[in-house]
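Engineer: When you get a sec, could you give me coordinates for this:
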Amino acid sequence: MFLYPAIDLRGGRCVRLRQGDYSQETVFADDPVAVAQRWQSEGADRLHVVDLDGARSGHPVHEEIVRQIVRCGIPVQLGGGLRSEQDIASALDWGVRWVVLGTRALQEPGWFRKVAERWPQRIVLGLDARDGYVATEGWLNVSRCRAVDLLEVLRGAPLAAVVYTDIQRDGMLSGPNETALAEIRDMSSWPVIASGGISTLDDLRRLHRVGVWGCIIGRALYEGSIRLSEALAVVRAAPE
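Structural biologist: Okay, the predicted model is just below:
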């Protein structure tokens, strides 16, 4: 299982939100590039970067910071505000390894499939859900489409992975939603990356048993309830 330390960008700083609520922000660092270097020095071999301002505005905002993080030499998975082919091409040109798309996957699944075929194995579906229903526009809107139904619509597209985020768990340190993740795992044609609520090493062991391919950890790393070296040891171990 792969582990992605999360770096969420807002106003040029590294922050975390609670349940995607922009009014519940905690600033953890003024220098996101230094944070990326820290996670790399502690053993991370990939990062999950989210442009929160981009997600809200509908276009990338933190290009220069993302470029600097990429120059650290660690593979970056980037999401937030990437809603056009030009945005995707630009992000890949910056050196980003994988691009996460969510909003337009729901709004225009045909366009999303075309993009995946243009950049095979470089596009990741960002499946953000509240009570099982897909949320878009930086989690500001909840649709009437179930997450599992969107997976079925997109079946067969050459995606790199699916990032499944349980919004109600995100930033809450309340543990992952194993039931929902198991359902997504069973329905998905692609590797599943779990996001939201991970707070202990036992959470990571449970995710191992659920059978997800990777996991994203944010607040638990920043607040110190999980040490990255210990988390990496768990996810790199053989399943129990």
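Engineer: This structure: strands as residue ranges?
Structural biologist: 2-10, 13-18, 21-29, 47-51, 76-79, 98-101, 123-130, 133-136, 141-146, 161-166, 192-195, 214-217 (DSSP state E).
Engineer: Next, the buried residues of the third one.
Structural biologist: Judged by neighbour count (16 or more other C-beta atoms under 10 Å), strand 21-29 contains these buried residues: Tyr22, Glu25, Phe28. Yep, even glycine has a C-beta here, placed from its N, CA and C like the rest.
Engineer: who's in contact with the closest residue to the second one other than its chain neighbours?
Structural biologist: It stands for Glu25. Spatial nearest neighbour of Glu25, excluding adjacent residues (C-beta to C-beta, 6 or more residues apart in numbering): Val15 at 5.1 Å. Listed by C-beta atoms under 8 Å, 6 or more residues apart in numbering, the contact partners of Val15 are Asp8, Leu9, Glu25, Thr26, Val27, Phe28, Leu52.
Engineer: and the gap between the third one and Ser225?
Structural biologist: Using C-beta to C-beta, to the nearest Å, we find Glu25 at a distance of 19 Å from Ser225.
Engineer: most tightly surrounded among the strands of the chain?
Structural biologist: Among the strands of the chain, the stretch with the highest mean neighbour count (mean count of other C-beta atoms under 10 Å) is strand 192-195, at a mean of 28.
Engineer: Specify which member of the buried residues of strand 21-29 is nearest to Leu82.
Structural biologist: Taking C-beta to C-beta as the measure, Leu82 sits nearest to Tyr22 out of the buried residues of strand 21-29, at 18.6 Å.
Engineer: The closest one reaches Asp53, doesn't it?
Structural biologist: No: the pair Tyr22 / Asp53 is not scored as a contact, 9.6 Å apart, by C-beta atoms under 8 Å.
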